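J.: 3D, please:
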Amino acid sequence: SNACVEVKVELTLLGKEKEAGVKSANGKASPFSDCRPNGALEHCSDEDSAAAAPLRLYKPRDYLEASVCHVKDLENGQMREVDLGSGRALLIKEHGEFSAMGHKCPHYGAPLVKGILSKGHVRCPWHGACFNIVTGDIEDFPGLDSLPTFQVRVEKDKVIIRANKQDLQSQKRSKAMARCSAVNSSTGFSQVLIIGSGPAGLVCAETLRQEGFTDRIVMCTMDKHPPYDRPKLSKSLESTAEQLRLRSIDFLQAHDIELLTEKEVRPETLIILAEFESTSGLCDSLPKLMNYKGQDVRNVFHLRTPEDANSVARLANNKNAVIVGTSFVGMEVAAALTDKAHSVSIIGIEAIPFRKALGEKVGKAIMKLFETNRVKFYMLNEVSEMLGHDGQLKEVVLKSGKVLRADVCVIGTGSGPATGFLKQSGVHMDSKGFVPVNKTMQTNVDGVFAGGDIVTFPFPGRSNKKVNIPHWQMAHVHGRTAAHGMMGRPTEIKTVPYFWSAMFGKSLRYAGYGDGFDDVIIQGDVDELKFVAFYTRYEVVAVASMNYDPIVSRVAEVLGSGKTIRKRDQIVTCHIIMMI
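T.: As a prediction, the model looks like this:
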């Protein structure tokens, strides 16, 4: 019986045991590795009216100093969150050197003291973003902002931090960016058009400016809003576009990033791209089309915009909600509606949600969580018809013949690449509509780059096989890589894909690329939703956890440093040896 077969998982170093020097997440030495924190670098924030000013001048009264601990209180490799009186900082000791920076991840505010310190950076425990401990610069994503850094000195065995008060309060900073000027001699092109305002497009635009690009950048989008945090749509249905905003119009204007909203690029008008000497198609995906009768019935939504999410929340209040599909978006919407709707039903084509992504045991445990929260599942089923009264949805008819009462319906059956506008462009697409790119994110057409959900790209974690990884975090990486490619400073993609979901106040974290896994090794209690699951394909290729932080960030750190986690079958208890 399988009860007798237990597994040992241990980390085996395949590369060099040790690497000297401060390395960034992409494996390159940090460009600021020789700098010391000075607390007065060009820090600015989204709200800063002087966001584009090249330098802020500080006075002594803008700073505070505090003795935070004894010099022997921290061992090498340790971090501590310290109180400076009017704010907190993260104090770090590595290789005998102290450094200090903001203590909260700028992405969602995670306490970095609970993260992973390794090789000159701290990795966020929640979503895996990495920050250089010397410069505070963001080196791996998600998120747009970096951390402020603070001066540290030792006097009479006391560790003293000197911090700018404003930085201590804001806990984040934007990197300095160039402005647009008439001439740019540093690159072979003069204008950049970015199609799409998701994280790939936004990070591309900001990286170009951070790297000193001084010509025109135009970002066009079908959205009516400035860039916003789309993953939150399905988790927080009542959030407005303003609350979800990633960058304000003022911020974009201050850095000469032109934004054209509610603009659609059509195949017959793609000739306009010739006016721009570098083009970046950093686009999102589109919902997969479903075949059913009653396509014109109202109150059926694909969750694409804040307005969609707000409408779903309003229409579901004390009413019957039906979710079609067990994608992460669909399941998150169902979870968000349980305390608003009279009933929540989920229709799934599979027998168990998330089975392909997370395996049967984890999928069943999450399904049980939903069922204990009044959600009804209709699995191995599909929609046959949407029935309306006066044009408004009233019932969903399943192919099994079952009829569900429904006042609002959300289609969460997954998505495909939004690449229809490229059909006559000369940009190559594969049979599924994805755009293949090389390791600098360039398409088959010179000067045309692509990233985000629409691409297949050579992924180092799978021997550079071209894969599609439609994660929010990965889109950030694509944007930065494309910008470096455009500037003629190519950098390789060296990241560990990181994904998260939130349901009923519980977070699921996932790192790696688990496609084609052949075994799942679970430690902890899946039924209690306190577990870590290792997905193997000869070796460990991905990890997921609930209530087991910071294990996913720890494994991401191991995989990201080029080490391999090997699976070995032995009759021993499931044992994980971590060697970071």
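J.: what's the weakest-modelled helix or strand in this structure?
T.: Lowest on mean pLDDT, DSSP states H and E among the helices and strands of the chain sits strand 7-12, with a mean of 38.
J.: who are the packing partners of the next helix or strand along the chain from it?
T.: Sequence-wise, the next helix or strand downstream of strand 7-12 (DSSP states H and E) is strand 63-70. Contacts defined by 3 or more CB pairs under 8 Å, 6 or more residues apart in numbering; DSSP states H and E place strand 63-70 against strand 78-83, strand 88-94, strand 158-164, helix 165-170. The C-beta positions use only the backbone N, C-alpha and C, and glycine is treated the same way.
J.: can I get the last one in CSV? Just the C-alpha atoms.
T.: Output in CSV follows, covering the C-alpha atoms of helix 165-170 (Å, rounded to 0.1, in the frame of the first residue of the first chain):
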residue,chain,number,x,y,z
LYS,A,165,11.9,60.8,8.3
GLN,A,166,9.9,60.9,5.1
ASP,A,167,11.5,57.6,3.8
LEU,A,168,10.8,56.0,7.2
GLN,A,169,7.1,56.9,6.9
SER,A,170,6.6,56.0,3.2
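J.: coming back round to it: by mean pLDDT, show me the worst of the helices and strands packed on strand 63-70.
T.: Lowest mean pLDDT of these: helix 165-170, a mean of 93.
J.: list the buried residues in it.
T.: Buried residues in helix 165-170, counted by 16 or more other CB atoms under 10 Å: 165-168, 170.
J.: who are the contact partners of residue 539?
T.: 564-567 (CB atoms under 8 Å, 6 or more residues apart in numbering).
J.: relative to residue 435, which of those is nearest.
T.: Residue 435 lies nearest to residue 564 out of the contacts of residue 539, by CB to CB, at 30.5 Å.
J.: show me what the closest one is bridged to.
T.: Beta bridges link residue 564 to residue 12, judged by DSSP bridges.
J.: distance check, it against residue 554.
T.: 15 Å (CB to CB, to the nearest Å).
J.: in terms of neighbours, single out the busier of the two.
T.: Remark: of residue 564 and residue 554, residue 554 carries more neighbours, 23 against 15, as counted by other CB atoms under 10 Å.
J.: okay, now residue 238: neighbour count?
T.: 13.
J.: nearest residue to it in space, please, no chain neighbours.
T.: Nearest residue to residue 238 in three dimensions, chain neighbours excluded: residue 313, at 4.9 Å (CB to CB, 6 or more residues apart in numbering).
J.: give me the most central residue, this protein.
T.: In the chain, the C-alpha nearest the mean C-alpha coordinate belongs to residue 473, at 2.5 Å (CA atoms, centre = their mean).
J.: buried stuff in the strand or helix carrying it?
T.: If you go by DSSP H and E, residue 473 is part of helix 472-486. Within helix 472-486, the residues scored as buried using 16+ other CB under 10 Å are 472-486.
J.: now do stretch 326-345
T.: 326-338, 340-341, 343-345.
J.: endpoint to endpoint, that stretch covers what distance?
T.: From its first residue to its last, stretch 326-345 covers 11 Å (CA to CA, to the nearest Å).
J.: same question, stretch 298-310
T.: End-to-end distance of stretch 298-310 (CA to CA): 15 Å.
J.: likewise for stretch 379-387?
T.: Using CA to CA, one end of stretch 379-387 lies 20 Å from the other.
J.: hmm, who's touching that stretch?
T.: Applying CB under 8 Å, 6+ apart, the contact partners of stretch 379-387 are 290, 292-295, 297, 300, 324, 347-352, 393-400, 402, 406, 409.
J.: among those, which are located in helices?
T.: Judged by DSSP state H, helices contain none of the contacts of stretch 379-387.
J.: looks to me like residue 334 is in a helix.
T.: Yes - if the criterion is DSSP: H, G, I helix; E, B strand; the rest coil, then residue 334 is within a helix.
J.: residues contacting it?
T.: Applying CB under 8 Å, 6+ apart to residue 334 gives the contacts 321, 323, 344, 346, 370, 375.
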